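A.B. asks: need a structure here:
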Amino acid sequence: MIQNYLSCCWENISLPLLAKAKEIGATEIVYGQRNDENHKSTSRNGDVIEGMIRLQPIEDWTSDQVMAYLATRMEIPAHYSIKHSSLDCYDCTAYRKDSRDRVEFTRARHPEMYKEYLDRINLLNQALIESN
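C.D. replies: Model prediction:
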């Protein structure tokens, strides 16, 4: 299915999170969003969304600070070395310029995921050709 990238993020990340939070009666949701990220929600720490307070305890941290903190508590997964580290979005065709390292990572380490990404890219390219 071809959809705009904001719809994909909403349908696959935000909506399920909000739905579950409502279902369990949550009054706060903790996010790992940082101010130095290029692509982020317009919501900020302390905002109230549908009756729930958005908490962003690391919003003023840098990527280096996050990695240093994590290194004191766990072995850092290999995919954390890439800029767009969420493998949940492995087949995302948005942010292609910013996702080159993720695409290369999946090509090298997760060929089945890379194939799904290529399938989506091919569908997108075909739709663009057909729309002209």
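
A.B. asks: Break down this structure into its helices, ranges please.
C.D. replies: For the chain, the helices defined by DSSP state H cover 5-9, 15-23, 63-71, 100-109, 111-131.

A.B. asks: which one of these has the most crowded surroundings?
C.D. replies: Most buried of the helices of the chain by mean neighbour count (mean count of other CB atoms under 10 Å) is helix 100-109; its value is a mean of 16. C-betas here are computed from N, CA, C, even on glycine.

A.B. asks: What are the contacting residues of that one?
C.D. replies: Helix 100-109 has contacts (CB atoms under 8 Å, 6 or more residues apart in numbering) with 78-79, 82-85, 87, 89-90, 96, 113-114, 117.

A.B. asks: Select only the buried ones of the residues you listed in PyMOL?
C.D. replies: To isolate the buried subset of those in PyMOL, counting by 16 or more other CB atoms under 10 Å, use the following:
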select buried, resi 79+82+84+85+87+89+90+113+114+117
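
A.B. asks: With respect to Pro57, which of the contacts of helix 100-109 is nearest?
C.D. replies: Comparing the contacts of helix 100-109 against Pro57 with CB to CB places Ser85 closest, at 18.7 Å.

A.B. asks: What separation is there between the closest residue to that closest one other than its chain neighbours and Tyr90?
C.D. replies: Of all residues not flanking Ser85 in the chain, His79 sits nearest, at 5.4 Å (CB to CB, 6 or more residues apart in numbering). Separation of His79 from Tyr90 (CB to CB, to the nearest Å): 9 Å.

A.B. asks: Same question for Gly46.
C.D. replies: 32 Å.

A.B. asks: Equivalent analysis for Asn4, please.
C.D. replies: 19 Å.
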